[in-house]
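A.B. asks: Could you work out the structure for the sequence below:
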Amino acid sequence: MNNDFDWRLVRSFLAAFEQGSLLGAARSLGATQPTIGRHIAELEAQLGVLLFERTGRGLLATPMALQLADSARAMENGANQLARSVSGFEPGISGTVRVSASQPVACYLMPPILAQMRLALPEVQVELVSSNAVSNLLRREADIALRMVQPRQASLVVKRIAKVTLGAYAHRDYLRRRGTPRQLQDLLNHELVGNDRDETILKGMAGFGLPVTRSSFAFRCDDLLACWQAVRAGLGIGFISDYLAVTDKDVVPLLPMVKVPPIPIWLTVHREIRTSRRIRAVYDFLSQAVPRAL
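C.D. replies: Modelled structure (predicted):
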């Protein structure tokens, strides 16, 4: 092993190990694929071992990589703990806070809330991560996360702050063309907007006793914003968050007797990082502003 070991290469190794490909690692780190490949090659050269076998499906970790992964994670956790400790020694409420939220929340719910926060916390800059993936707060991909699924890590502070209500909606043009459903069974004779691979809507319809299959959806997409735009375009009836639906007066609610279970919103932050005044200020603001916005 080379004594001049470059510890900076460990981050690229871990990303490649967990993503299973150079492309996935590059995306997770905001780097380029050649850069990640070069880092892996340099690390292998320094250690004098082969860490990955290159296959047509990506990277296959070798037994040596499996052994190295635990030590690499320990190094990463130590570095992140140091960063979190340092972040608690700031003199004022200023600086950058990175907030992660799903695409619909980031694109529709958050902008007016952040405009209000800008007035309350003018010295705080926000980096908004618009992603449906569950950001890993332990790795500092975000300081604060708004999530529809409750995180389970013991080192995270999780607070349920609100719930997103949903309903069946369609554009007026679609209803003029196809008529308005009056009862749940009428949906079987309508064009539906639904998911592609996600089975949430299928399971919900099954719970209502409707024999709906994936082929019942005239338009299928797992991107929630694309489904919303499909409803707005008159492609069919979809189950939409109420906070989205109210942004277009030509999209109208249907079947008020159908009670779709609401989705909770969890505000999540790392337990240690709450010692940061700026992050605590943003956390407290969002915990009050998000429920009001909904």
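
A.B. asks: What values do phi and psi take at Ile240?
C.D. replies: Ile240 has phi and psi values of phi -120, psi 150 when expressed as degrees, to the nearest 10.

A.B. asks: who's the closest residue to it other than its chain neighbours bridged to?
C.D. replies: Spatial nearest neighbour of Ile240, chain neighbours left out: Tyr169 (4.6 Å); criterion: Cβ to Cβ, 6 or more residues apart in numbering. No exception for glycine: its C-beta is placed from N, CA and C like everyone else's. Beta-bridge partners recorded for Tyr169 (DSSP bridges): Gly238, Pro253.

A.B. asks: Does Ile265 belong to a helix, a strand or coil?
C.D. replies: strand (DSSP: H, G, I helix; E, B strand; the rest coil).

A.B. asks: hang on, isn't it packed against Ala162?
C.D. replies: Yes - with contact defined as Cβ atoms under 8 Å, Ile265 reaches Ala162; the gap is 4.6 Å.

A.B. asks: Overlap in contacts, those two.
C.D. replies: Residues touching both Ile265 and Ala162 (Cβ atoms under 8 Å, 6 or more residues apart in numbering) are Val290, Leu294.

A.B. asks: Val231 is in contact with Ser241, isn't it?
C.D. replies: No - in this structure Val231 lies outside contact range of Ser241 using Cβ under 8 Å: 11.1 Å.

A.B. asks: before we move on, back to that, just the pLDDT for the residue nearest to Ile240.
C.D. replies: Looking at Tyr169, its pLDDT reads 96.

A.B. asks: Tell me which residues touch it, please.
C.D. replies: Tyr169 is in contact with Val231, Ile237, Gly238, Phe239, Ile240, Ala245, Val251, Val252, Pro253, Leu254, counting by Cβ under 8 Å, 6+ apart.

A.B. asks: go again using 6 Å as the cut-off
C.D. replies: By Cβ atoms under 6 Å, 6 or more residues apart in numbering, the contact set of Tyr169 is Val231, Ile240, Ala245, Val251, Pro253.

A.B. asks: what about Leu267, how many residues close to it?
C.D. replies: Using other Cβ atoms under 10 Å, Leu267 has 20 neighbouring residues.

A.B. asks: That one: what's it in contact with?
C.D. replies: Taking Cβ under 6 Å, 6+ apart, we find Leu267 in contact with Lys159, Ile161, Ser287.

A.B. asks: now swap in Val10 and tell me
C.D. replies: Contact analysis of Val10 by Cβ under 6 Å, 6+ apart lists Ala72, Met75.

A.B. asks: in a helix, that's where it is, yeah?
C.D. replies: Yes - applying three-state DSSP, one finds Val10 inside a helix.

A.B. asks: what pLDDT does it get?
C.D. replies: Reading off the confidence values, Val10 has pLDDT 84.

A.B. asks: for Met205, same thing?
C.D. replies: So Met205 comes in at 83 (pLDDT).

A.B. asks: Without its sequence neighbours, what residue ends up closest to it?
C.D. replies: Met205 sits nearest to Val212 (Cβ to Cβ, 6+ apart), 4.2 Å away.

A.B. asks: do the same with Ser28
C.D. replies: Closest residue in space to Ser28, ignoring its immediate chain neighbours: Ala15 at 5.1 Å, by Cβ to Cβ, 6+ apart.

A.B. asks: which is the next helix or strand following the helix or strand hosting Ile113?
C.D. replies: For Ile113, the element it lies in under DSSP states H and E is helix 110-120. Per DSSP H and E, the first helix or strand lying C-terminal to helix 110-120 is strand 124-130.

A.B. asks: now the strands for the stretch 101-250 of the chain?
C.D. replies: For the stretch 101-250 of the chain, the strands defined by DSSP state E, counting those that start in this stretch cover 124-130, 144-147, 156-164, 166-171, 192-194, 217-220, 238-241.

A.B. asks: list the buried ones in the third one?
C.D. replies: What that stands for is strand 156-164. Neighbour-count burial for strand 156-164, counted by 16 or more other Cβ atoms under 10 Å, picks out Leu156, Ile161, Ala162, Val164.

A.B. asks: Sheet partners, orientation included, of it?
C.D. replies: Using DSSP bridges, the strands paired with strand 156-164 are strand 263-270 (antiparallel).
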